[in-house]
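Engineer: Build me a structure from this.
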Amino acid sequence: MLFALSREELVASLGEEAVFVAPSGSLGSAAESSPAGRLLTSVGIPTGVFQPQKRNESGRFPLVDERIELAEYEAPSGCGTWVIFGWIPQTHLALDPGTGKIHGFSENGGPVEELHADMSSLSYLAFALHRLLKEFEWSDDEEDEESDFERLALSLAHIRATVSERDPLPFAGRSVWPAVMDDMEAGMWS
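Structural biologist: Have a look, this model is predicted:
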């Protein structure tokens, strides 16, 4: 794992209701026994930017083949068996249990993007963003608004640098993360 996280740390900072932990059996045996699956079923991912995928009637998350029309994507072979466990703006998140990488399927089709080298990278980024939005204090004075946005931009740049140092994937290629952070910097998530 690229980032060391504990459930206790996430819950202490954000609260129990803000941390999603996948139920046992929801990922399937191959995914659940992987390091990514163990993190998702024990530590969890903060909600906010990240939202968990709805599970099938069986209680399992859907596979890519069950949820996505692959003809609309430039997708790697074998991706139909990946588990779709979540959603970030305009993007389904799928776990490749073989590599542990998190891939993004844009709702608009196109190439499938490698978004995170492992689940800890996704969880850490979701945690850092959620915590920033929760703890960021806006001035009451309209004259300080520009200063507020500068502080917010610096905080987001620090998060981006921290993540990129260990995992460059979230901010490479056609990833959705730069657009999400641009929206946050513009105050759209506050």
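Engineer: How many neighbouring residues does E32 have?
Structural biologist: Using other CB atoms under 10 Å, the number of residues around E32 comes to 19. Where C-beta positions appear, they are placed from N, C-alpha and C, glycine not excepted.
Engineer: Repeat that for W138.
Structural biologist: For W138, using other CB under 10 Å, the count is 13.
Engineer: going forward, begin numbering at 687 instead of 1
Structural biologist: Sounds good: first residue 687 from here, last item W824.
Engineer: Under a three-state scheme, what state does it occupy?
Structural biologist: Assigned by DSSP: H, G, I helix; E, B strand; the rest coil, the conformation of W824 is coil.
Engineer: separation between the nearest residue to it once chain neighbours are set aside and P864?
Structural biologist: Among residues not flanking W824 along the chain, D834 sits closest, at 5.3 Å (CB to CB, 6 or more residues apart in numbering). For D834, the distance to P864 equals 21 Å [CB to CB, to the nearest Å].
Engineer: circling back to that earlier point, which of the residues in the strand or helix carrying the residue nearest to W824 are classified as buried?
Structural biologist: Using DSSP states H and E, D834 falls within helix 831-852. Residues of helix 831-852 classed as buried by neighbour count (16 or more other CB atoms under 10 Å): D834, L838, S841, L842, I845, R846, V849.
Engineer: can I assume the first one is in contact with D827?
Structural biologist: So that's D834. No - taking contacts as CB atoms under 8 Å, D834 lies outside contact range of D827: 9.3 Å.
Engineer: and the lowest-mean-pLDDT helix or strand in the chain, what other elements does it pack with?
Structural biologist: When each helix and strand of the chain is scored by mean pLDDT, DSSP states H and E, helix 715-718 comes last, with a mean of 77. With contacts taken as 3 or more CB pairs under 8 Å, 6 or more residues apart in numbering; DSSP states H and E, helix 715-718 sits against helix 721-728.
Engineer: Check which helices and strands the helix it packs on sits against.
Structural biologist: Checked by 3+ CB pairs under 8 Å, 6+ apart, helix 721-728 has helix 715-718, strand 777-781, helix 805-821 packed alongside it.
Engineer: what residue lies at the spatial centre of this structure?
Structural biologist: L808 (4.3 Å; CA atoms, centre = their mean).
Engineer: contacting residues around the residue found closest to that residue once you drop the neighbours it is linked to in the chain?
Structural biologist: Of all residues not flanking L808 in the chain, H802 sits nearest, at 4.5 Å (CB to CB, 6+ apart). Counting by CB atoms under 8 Å, 6 or more residues apart in numbering, H802 touches K787, I788, L808, L811, D853, L855, P856.
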